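Trainee: Got a predicted structure plus its sequence, pasted below:
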Amino acid sequence: SLFLLETTVKDLFMSPQGVMFQVFDYDTLGGNDSLGAAIVNPKVLFDATGEERMELKLQQAPGQKMEATGAIAIRCRHATDYDKRFIAKLEEEGNKEVADASEAEAKAES
């Protein structure tokens, strides 16, 4: 997955624990289940250059019933202006695809 986390330095460091990445499975039937979570220290995120890949063991997430297994691999860096434009375009195209699919479904039903 690719995402952009927009925050201020102050807000990033306001959470002494850091940023929690919670991992879910995807079920077509039934609900999605939490597989676990990993917390990254704010200083580690702030200092990240994107060169190093971090592998973090999943821990039991808040409210999770089953034991966490597995790991998550992440690579972080400060976003460039190009990154921000790329994500905005990706989101715009994704939303357009969703709207086009909904329109096609509505036409098929009528």
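Mentor: Now that the structure is in, tell me what you want to look at. Residues are numbered from 1 along each chain as shown.

Trainee: which stretches of the protein form helices?
Mentor: 9-14, 42-47, 81-109 (DSSP state H).

Trainee: hey, least reliable of those helices by pLDDT?
Mentor: Ranked by mean pLDDT, those bottom out at helix 81-109, with a mean of 75.

Trainee: Which pLDDT does the model give residue 110?
Mentor: Model confidence at residue 110, given as pLDDT, is 57.

Trainee: and if you look at residue 36?
Mentor: In this model, residue 36 is scored at 92, pLDDT.

Trainee: tell me, how many neighbours does residue 80 end up with?
Mentor: The number of residues packed around residue 80, counting by other CB atoms under 10 Å, is 9. For glycine as for every other residue, the C-beta is placed from the backbone atoms N, C-alpha and C.

Trainee: Now do it against residue 86, distance only.
Mentor: Counting by CB to CB, to the nearest Å, the gap from residue 80 to residue 86 is 9 Å.
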